[in-house]
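**Q** Sharing a sequence plus its predicted fold:
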Amino acid sequence: MTIRLRAHHLLCMLTYVGKGYTPAFTVNYDRIAERLSQGEEIVIVEGPDDVCAPLLTEAEPHCFNDSVAERDRQAARDIGDLLGRRIGAGERIEPDAILLAKLRAGFGSGLTRTACAGCEWAELCSAIVNDAYTGVKVGGPPC
């Protein structure tokens, strides 16, 4: 199978430690984190993805907001610059240890965090970076 992710979730997955919007969201993300850790392929999508799925039944899910689409554009640009490749809808990515290490290095240095401006999770993510990614559920801390 393939995991469908919007671009900014390539950043979120780096610091995911089992916290989320709702219990259903967290259970779903835990399953996705396990699949990512096993190296399951990612396909980039526009709009709501597999991580968003539990939130889509809400009256007004934030996953459709223009601000979230802009977050995706910023993340795709920054990650693409970091990796030297296009990150956009339809692109396929293998989440191996080398990729995760590159993404975490870029995230930790701030190179790929433009998309994180104003995010309610930014403080938690910064704390996780400062703790050397201890407890992350996707791929574990870098070597």
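**A** Ah, there it is.

**Q** residue ranges with poor pLDDT in this structure?
**A** 140-143 (pLDDT under 70).

**Q** got the residue ranges for the strands in it?
**A** With DSSP state E, the ranges of strands along the chain come out as 3-6, 42-45, 92-93.

**Q** Residue 101: neighbour count?
**A** When neighbours are counted by other CB atoms under 10 Å, residue 101 registers 14. (Each C-beta comes from the backbone N, C-alpha and C, glycine too.)

**Q** contacting residues for the most centrally placed residue in the chain?
**A** Centroid-nearest residue in the chain, with CA atoms, centre = their mean: residue 9, separated by 2.4 Å. By CB atoms under 8 Å, 6 or more residues apart in numbering, the residues touching residue 9 are 49, 51.

**Q** Quick check: it vs residue 69, distance?
**A** 13 Å (CB to CB, to the nearest Å).

**Q** same deal with residue 12?
**A** Counting by CB to CB - residue 12 and residue 69 are separated by 15 Å.

**Q** again with residue 130
**A** Distance, residue 130 to residue 69, using CB to CB: 29 Å.

**Q** Relative to residue 95, how far out is residue 128?
**A** 18 Å.

**Q** same question but for residue 70, I mixed them up
**A** 24 Å.

**Q** for residue 108, same thing?
**A** Residue 108 is 17 Å from residue 95, by CB to CB.

**Q** Of the two, which one has the most company?
**A** Between residue 108 and residue 95, residue 95 has the larger neighbour count (other CB under 10 Å), namely 22 against 19.

**Q** Distance across stretch 107-121, terminal residue to terminal residue?
**A** For stretch 107-121, the first and last residues are 14 Å from each other (CA to CA, to the nearest Å).

**Q** For it, give me every contacting residue.
**A** Counting by CB under 8 Å, 6+ apart, 7-8, 11-12, 14-15, 19, 67, 71-72, 74-75, 77-79, 81-82, 103, 106, 122, 125, 129 sit against stretch 107-121.
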